[in-house]
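> Based on what follows, work out the 3D shape:
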Amino acid sequence: NGEVVIAQLVENALVESPLVEFAVVVGGGRDYVGALVFPNAPAVVAARVRENLRARGDVDALVPPLLSLLGALPEPHPFAVLPPAQRRERMVEAVSRLLVAETRERPVVLVVEDAHWIDRESQHVIDTIVRTASQSRLVLLVTYRPEYRHAWDGVPGFAEVRLDPLPARNAGELLDDLLG
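Predicted coordinates:
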């Protein structure tokens, strides 16, 4: 579920304790089983999100889509009854604005692992972030298998580094080093 992957990124950026020098936000493309469960009650998550965004001055515009993404939007709420396409676009915009705002405070490294497994919704968010990354202090590191396809060629600031498969001999050495 794309909302689960992106919700994890938002949870890491807003609710968890931020790093002092720069922020590292990690998410993955794996299909997670079951509902996303936060260790905090929705009211606590909502309070932390509002507090974090209040410092940036973006509370009114960003809170409803981010709380909806995190499953912490109070019911009933006008955001919940918007058409699905409009909710989706507002969530994508909110995540993108959140990351750009964070880069004004400190550089951000956003890591998306296993992008070859992400769904359309998550791909849309990542594509939006790729298009805006060059306008901020954001490094987006995306790992994926060779069969993964993206449309980022020609985007300012985009660079692809291909890694060849690890030869069997080196893989054995790596396993020996890791496992003893």
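> Where does pLDDT dip in the protein?
Low-confidence segments of the chain (pLDDT under 70): 1-40, 56-59.
> What segments of it are strands?
Under the criterion DSSP state E, the chain carries strands at the ranges 23-28, 108-113, 138-142.
> Which residue ranges of this protein form helices?
2-14, 42-54, 59-69, 84-105, 120-133, 168-179 (DSSP state H).
> For those helices, give me JSON lines that also has distance to Tyr144.
To be clear about C-beta, it is placed using only N, CA and C from the backbone, and glycine gets the same treatment. Shown next, in JSON lines, are the helices of the chain (distance: least, CB to CB, whole Å):
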{"stretch": "helix 2-14", "distance to Tyr144": "14"}
{"stretch": "helix 42-54", "distance to Tyr144": "29"}
{"stretch": "helix 59-69", "distance to Tyr144": "23"}
{"stretch": "helix 84-105", "distance to Tyr144": "20"}
{"stretch": "helix 120-133", "distance to Tyr144": "10"}
{"stretch": "helix 168-179", "distance to Tyr144": "20"}
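> how about CSV for those helices, with mean neighbour count added?
What follows is the helices of the chain, written out as CSV (neighbours: other CB atoms under 10 Å):
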stretch, mean neighbour count
helix 2-14, 22
helix 42-54, 16
helix 59-69, 20
helix 84-105, 18
helix 120-133, 18
helix 168-179, 9
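> Just tell me which of the ones you listed ends up closest to Val161.
Val161 lies closest to helix 120-133 among these, at 15.1 Å (CB to CB).
> Packing partners of the closest one?
With contacts taken as 3 or more CB pairs under 8 Å, 6 or more residues apart in numbering; DSSP states H and E, helix 120-133 sits against helix 2-14, helix 84-105, strand 138-142.
> and the end-to-end length of stretch 159-170?
26 Å (CA to CA, to the nearest Å).
> Mind listing residues that contact it?
Stretch 159-170 has contacts (CB atoms under 8 Å, 6 or more residues apart in numbering) with 146, 152, 174.
> Output those residues in JSON lines; the columns should cover distance to Leu67.
Output for the contacts of stretch 159-170, formatted as JSON lines (distance: CB to CB, whole Å):
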{"residue": "Pro146", "distance to Leu67": "38"}
{"residue": "Trp152", "distance to Leu67": "30"}
{"residue": "Leu174", "distance to Leu67": "43"}
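> Glu113 against Tyr148, yeah?
No. Applying CB atoms under 8 Å, one finds Glu113 not in contact with Tyr148, separated by 11.9 Å.
> gap between Arg88 and Pro65?
Using CB to CB, to the nearest Å, Arg88 is found at 9 Å from Pro65.
> what does Ala46 give?
13 Å.
> now Arg120
Taking CB to CB, one finds Arg120 at 18 Å from Pro65.
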